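Q: Next one to model:
(chains A and B)
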2 protein chains.
Amino acid sequence: MKSCEIETRWWGWGDVKKTYDVEEVPAYVEYLKKRLELEIDCLRIPDPDMGKLELRPVRLSKKTIGKFEKIVGKENLSTDKKARLYHALGKSYRDILRARMGQVPNPPDVVVFPANEKEISEILGVAEEERVSVVPFCGGSSVVGGVEPLEKEEFSGSLTVDLRRMDRLIFADAQSMRARFEAGIWGPELEKRLSKHGLYLGHGPESFLFSGLGGWIASRGAGRQSTGYGKIEDMTEALRIVTPRGTIDTLDVPASAAGPDLVQLICGSEGTLGIITEATMKVRPLPEVYDYQGLLFKEFSAGVESVREMLQKGVVPELVRISDPEESTLGMYLRKPSSNPVKEKATVSALKGLEKFGFSFETGSYAVVGCEGKAREAHSRMRKALSICVKNGAIPLGASAGREWYDHRYDNPYLRDIMYGWGVMTDTLETATTWDNMTRIHERVGKAISDALLDYGSKSIVTCHLSHSYRTGSSLYFIFLGKIAKGKEIEQWEHLKEKAGDEILSCGATISHHHGIGYEHVTWFEKQYGEQGLSALRSVKNIFDPAGMMNPGKLGL
Amino acid sequence: MKSCEIETRWWGWGDVKKTYDVEEVPAYVEYLKKRLELEIDCLRIPDPDMGKLELRPVRLSKKTIGKFEKIVGKENLSTDKKARLYHALGKSYRDILRARMGQVPNPPDVVVFPANEKEISEILGVAEEERVSVVPFCGGSSVVGGVEPLEKEEFSGSLTVDLRRMDRLIFADAQSMRARFEAGIWGPELEKRLSKHGLYLGHGPESFLFSGLGGWIASRGAGRQSTGYGKIEDMTEALRIVTPRGTIDTLDVPASAAGPDLVQLICGSEGTLGIITEATMKVRPLPEVYDYQGLLFKEFSAGVESVREMLQKGVVPELVRISDPEESTLGMYLRKPSSNPVKEKATVSALKGLEKFGFSFETGSYAVVGCEGKAREAHSRMRKALSICVKNGAIPLGASAGREWYDHRYDNPYLRDIMYGWGVMTDTLETATTWDNMTRIHERVGKAISDALLDYGSKSIVTCHLSHSYRTGSSLYFIFLGKIAKGKEIEQWEHLKEKAGDEILSCGATISHHHGIGYEHVTWFEKQYGEQGLSALRSVKNIFDPAGMMNPGKLGL
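A: The predicted model follows:
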C-alpha cells in the first residue's frame, strides 16, 4: 500500500491505526501534572465525530464542477465531506484545536486529483475563467496554515489540487547522482523507488511518512538529516512549475552563472506562483549504515560549542541534535521503562551513576549524532564527531540511545494530539541564526514563550534543541507546553505566537528555518522580507498569476 | 599600495609593469606556428597609443555633471579621457580586439567614485532625473561585456559608478565564520584584511588581482578553488543592494524558509537591478597549507572519472583540474626550461621515461589537485584524492608540478594579449553539465569551435579542462586558438560564439557556469531562461528600476 493510501486523521496527525502509548509513560504524565499544575482525569478523550461537523455547502455550480470533472474524470474529483475535510486544514496546533472544536471554516469546495501536467494546466485555465482559487496540495502536513483555502471575496469558491497521483520516478541517473520525480510523490515511495537504484535522497522531516516532494520544495523544508544532506532547496537541482501563465522548466545543471537562480525563486513560493510538477533532486548512494549515537553533556553550551566545532572543522554528521536541559529532562520522562526488570534496574542505576559524575538529564544536554553512508566512512566520521563531543565534556551513551531516537523519530506528533485531551497546549516553533547569536535567541525567545503562557495564567515547559546546523550558525527548535486557556484557546495561541515572533525578529533571526510562512507567519515575514523584497515578490506573482488565484493569502500574497 | 591603485592596461590585461615572458618559451611559439600555420615575425608589437584614440565627447551637460560632483566631491568624479577609457570596456577577447583596433564606441561620459551608500542613492536619484544610464563597476574584468555602457536612445548619457573607495571590512566574526564587507573591495585587500583575523574567503578567480566582491556577486563568479569553497553565490550569506527604488537588506542567517531567497535573486543580476553595496560572506580559517600536486593520466576520461569519484565519495579537494590532451600538450609547450642545465636534462629525461610507460602529455591528461586548510586534515584529504587518481591509472608528478600551476595561476591573461600581436585569436568559453553529459559536451562543443575557426580558414587548437566540480556534474572550460581573420576580426569571433553557444544549448548545458551573461551571451541566456523566467526578471527589474537605467542591455534587460 502506498503511504498516501493510508487512512489518516482529519483532526490530527497520521495513521488512524497508530497512536502514542501514553499508558506506558506514567512518569511523563505525572511530570506534566506537576510542572503545569493541571489535573489529568483520563488519558484519552474520544475522537471528534465527523458526523457532527457541518461543512459549508459547496459554493461552486454544477456547471463549474463539471468543467473540472471533464478534465480529470469523475473518479478523480470529489466534493464529498470527507475529502473536503481532509483538505481543509494543515497540521498546526491551531489546526488541531479548531478541528477538535469543530471550527473548520474554509474547506475547499472541490478536490481534484490530476494525473499529469496537461490536466493541471487545464485546471488552472478553468479556475481562472470561473474565478476559483487554487490550493496545491501534497501531503497537507503544513504547520503554518499553508494548505488551508482562505476565503477571499473575489473568488466564487476554492479548489484543492491534490498531486498524489503524480508520483512517477521520471529517471534515476546514478552516474550523475540525480533523480527526477513528479512532485506528488510522498516520502516513503520516493525513497523506496530510489532504493531500487541503490540511491537515496535523505530528506526526512518529521512529516516524512505523510508529506511529499512538491510540498517540501514549495515550503523550503528541512529533513532531520539536513546538516549532512542539506535543506530541500540545496537538494533541488532543477524543477518545473506550471503557472496560470505558462511553465518554467529550469535547466538541469549543477551550477550556472546565467542570471538570478530561478530554482531559488520557486523554492519557498508556497503555491502562490503555480504548481510544482517535477523536480530533479541531487541524490546519494543508499547508505550501508545508519549509525546513531546518544551522548550527554553537562551543559547545553558545551553541546552547542561541539556542534559549531564539528561543522567548522568539516566533520559533518548527517544529524546532530543537541537538546537543552528542559528538553533533555522531558526526553527522560518520555523514556519507556524496559519490560525486563533486570534491564530496567540496570538502566536506572546507570543513570544514577552518571549523576554522581555530574551528568544529569535535568541540568545537562542530551545529544544525538547520526552518520549515514558507507560503513567505513560513516563510522570514521562518527568517531571524529564523538571525539569532539568528548573533548567538550560529553559522555557517550552508546548506539542504543541513538537508536532509540532514530526508531521513534516519527512518533511525537501522535503524542501532541493526545495531550490536547489533557488540556495541554503544545506547539513548536523554530528559527535560525548565526553562532554568535545562539545563546541570546535561546534565552530571549524561551522567555518570550513562557511569559506569554504566564499571561494566560499558565506555567510552562519550554524546551529547545539545535538540529540543523551550518558553518555559520544553526536552527533553534522550540517545543513548549502549557495549560490550554479554556474558552480562549485560539487567542492564547495567537498571543504566544505574537510574542515569540516579535522576539525572534527583534533578535535578528528568521521567522522560520524550515516550517515556512503559510498565513500564520505573514506578519513577521513581511517585516523580515522588507518593502522592496515584497514588491519584487508581488511583481513576480502578478506576472504568473494576475488573477491572484494561486493559494491566496499565503506569504501575504 | 592597494591593488586598485596599480596602473593597469586600458587595452589589455593587468599591471602595466607585468608581462608574460614569451621569450622564454620558444617551443610554444614554434608549436603555434606549426599547428596554426602562421608566421610570427616579432614577439611583441607596440602597445596601442592612447593619444591617437579619439573618444566620443562627453554628452552630459555641465549642469548635470555638477549635480553628480556635488554628491561625491570634485576629486571623486572624472570626465577625463583616461578614466573614461578605463571604464569603457571589459576584458573579453572582443574588448581587447576593439581596444587594439581603436574601436571604443561606448565610453561612459562620467565616472564617479562614491564613498558610501548614501552617495550611491543620491547618484541614482540624479541619474534618473537626468536620464543617465548607470553601470556599476568593481574591477571591470568582465569577459562578457558586463561593464560596457551600451548606447540607448532614451538616455542622455552614461555614468559609471566605480566602487573602489567602498572597501571597508565591516565586521569579522570568527565565531560564526563570516565577515561583512563593502562591495567595492578587491580580491587582494579582502584576503589581506581577513587574514589579520585568521580568516580566509578562498574566492580566487583568474581575475582575482583585479576584481572585487560586488562584481563577483553580481556575475555569479567562481574562484579556482570553488570545488571546495563553493561559487560566490554559495559563499554569500546576506547582502545589501541599493536600487533606484529603495534598498534590499537581506537577513543574515545561515538558512531560512521565509519565502523565495532574495540573495539568489540578486546574485547574477549583473547590475541591472541596482548596486550591491555590502555582503556578508561565509569564511574559513586561514589555511595553514596550500598543498598542490600534479598528476598525469593516460586518458582524459580516467581523469574525469576520478573527479566524479572524488566528489561523489565526499573527498573534496579545494581544486581539482583535469586537462584534456590538447590542453596538456599546450601546457607542456608553455613549460619554461630550467635555467639549470642539469635540472633541465633530468626533467626531459623524466618525461621521456614517463612516455615509455604510456604517460604522455600529448595523449594524456594533466591534472592538478589542491587541498587547503589545517596541515593534517588537508594532507589527509590530498592522500585520499591522489589515491583515487592512482587507482584510475594516474601517475603523481609531485608537489613541484602542482606548485608550478599554483604560482603561475594569474599569468595566462598576459599571454593572451601578446598573442594578439602574433595574429592569434584566443578566447575562452565555459559551461557546466551533469556527469552523464560530459563526454558529449567535450566532443561536440570542441568540434563546433574548430569548425567555426575552419569556416574562417583557420586551423585550430581547442583545449578543455574540468575545473569546478560537483557531485552531479562539472564545469567544462574551453580555451581555443586560431588565426585572426584579418579585416573580419569581430565577425570571425561572433561566428564562433554563435556556433559554440548554439551547440552548448542544444546539448542541454548552461551558456555560462561563471563568466555570466553581460551582453555577449544574451541570445542564449534568453533561450535558456525561457519566456516565463524572463517575464519574472523583467517584472522585478521594472519594480526596482522603472526607468531601465541600471546597466541597460545586460541580461537582455
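Q: For the stretch 301-450 of chain A, what lies in contact range of chain B?
A: A:308, A:312-314, A:373, A:377, A:432-437 (Cβ under 8 Å from any Cβ of the partner chain). The C-beta positions use only the backbone N, C-alpha and C, and glycine is treated the same way.
Q: Okay, buried residues for the helix ranked longest in chain A please.
A: Ranked by number of residues, the top helix in chain A under DSSP state H is helix A:522-544. Residues A:522-526, A:528-530, A:532-541, A:543-544 are the ones in helix A:522-544 that count as buried (16 or more other Cβ atoms under 10 Å in any protein chain shown).
Q: so which of the residues you listed also contact chain B?
A: Answer for the buried residues of helix A:522-544 near chain B (Cβ under 8 Å from any Cβ): A:524-525, A:528-530, A:532-533, A:535-537, A:539-540, A:543-544.
Q: from memory A:Glu24 sits against A:Lys336, does it?
A: Yes: here A:Glu24 reaches A:Lys336: they are 4.9 Å apart, a contact under Cβ atoms under 8 Å.
Q: rewinding a little: ok and the longest helix of chain A relative to helix B:522-544, angle-wise?
A: Counting by axes from the mean of the first three to the mean of the last three Cα atoms, to 10 degrees, helix A:522-544 lies at 130 degrees to helix B:522-544.
Q: For the lowest-mean-pLDDT helix or strand in chain A, which residues meet the burial criterion?
A: Scoring the helices and strands of chain A by mean pLDDT, DSSP states H and E places helix A:341-356 at the bottom, with a mean of 91. The neighbour-count check on helix A:341-356 (16+ other Cβ under 10 Å) flags A:351, A:354 as buried.
Q: For it, what is the distance to the chain centroid?
A: Relative to the centre of its chain, helix A:341-356 is centred 35 Å away, using Cα atoms, centre = their mean, to the nearest Å.
Q: same question, stretch A:284-298
A: For stretch A:284-298, the separation from the chain centroid amounts to 21 Å (computed by Cα atoms, centre = their mean).
Q: How about stretch A:371-388?
A: 27 Å.
Q: and A:Glu23, how many neighbours?
A: Around A:Glu23 sit 10 other residues, with neighbours defined as other Cβ atoms under 10 Å in any protein chain shown.
Q: which residues touch it?
A: The contact partners of A:Glu23, taken as Cβ atoms under 8 Å, 6 or more residues apart in numbering or on different chains, are A:Leu43.
Q: State the three-state secondary structure for it.
A: At A:Glu23 the chain is in helix, as set by DSSP: H, G, I helix; E, B strand; the rest coil.
Q: Residue numbers of the stretch 101-250 of chain A in contact with chain B?
A: Checking the stretch 101-250 of chain A against chain B by Cβ under 8 Å from any Cβ, the hits are A:173, A:175-178, A:219-222, A:231, A:233, A:237, A:243, A:245-250.
Q: please redo it, this time with the cut-off set to 7 Å
A: Residues of the stretch 101-250 of chain A that fall close to chain B, judged by Cβ under 7 Å from any Cβ of the partner chain: A:173, A:175-178, A:219-221, A:231, A:237, A:243, A:245-249.
Q: Of these, which is the most crowded?
A: The most crowded member of those, judged by other Cβ under 10 Å, is A:Ser219 (31 neighbours).
Q: My guess is that residue contacts A:Gly146. True?
A: Yes: using Cβ atoms under 7 Å, A:Ser219 is in contact with A:Gly146, at 6.1 Å.
Q: which residues do the two both contact?
A: Any residue near both A:Ser219 and A:Gly146 by Cβ atoms under 7 Å, 6 or more residues apart in numbering or on different chains counts here, and that gives A:270, A:516.
Q: Show me where the stretch 351-500 of chain A has its strands.
A: Applying DSSP state E, counting those that start in this stretch to the stretch 351-500 of chain A gives strands spanning A:365-373, A:395-398, A:424-434, A:460-466, A:473-483.
Q: Of all the ones you listed, which one comes closest to A:Val29?
A: Among those, the nearest to A:Val29 by Cβ to Cβ is strand A:424-434 (10.2 Å).
Q: ok and that closest one relative to strand A:460-466, angle-wise?
A: 30 degrees.
Q: Show me what strand A:424-434 is in contact with.
A: Contacts for strand A:424-434 (Cβ under 7 Å, 6+ apart): A:32, A:36, A:93, A:416, A:419, A:441, A:472-484, A:492-493, A:500, A:504, A:508-515, B:176, B:178, B:252-256.
Q: A:Val316 reaches A:Gly228, doesn't it?
A: Yes: between A:Val316 and A:Gly228 there is a contact under Cβ under 7 Å: 5.7 Å.
Q: so how many other residues sit close to A:Tyr31?
A: The criterion is other Cβ under 10 Å. On that basis, A:Tyr31 has 17 neighbouring residues.
Q: Give me the nearest residue to A:Gly556, chain neighbours excluded.
A: Among residues not flanking A:Gly556 along the chain, A:Val522 sits closest, at 4.2 Å (Cβ to Cβ, 6 or more residues apart in numbering or on different chains).
Q: Now A:Arg168. Nearest residue, chain neighbours left out?
A: Counting by Cβ to Cβ, 6+ apart, A:Glu182 is the residue found nearest to A:Arg168 once chain neighbours are left out, at 4.7 Å.
Q: Give the bridge partners for that neighbour, please.
A: With DSSP bridges as the criterion, A:Glu182 is bridged to A:Glu278.
Q: What does the pLDDT read for it?
A: A:Glu182 is assigned a predicted lDDT (pLDDT) of 98.
Q: Next one: A:Tyr519 relative to chain B, how far apart?
A: Using Cβ to the nearest Cβ, to the nearest Å, A:Tyr519 is found at 13 Å from chain B.
Q: Name the SS class of the closest residue to that residue other than its chain neighbours, please.
A: Spatially, and ignoring its direct neighbours in sequence, A:Tyr519 is nearest to A:Gly145 (4.4 Å; Cβ to Cβ, 6+ apart). Of the three states, A:Gly145 takes coil under three-state DSSP.
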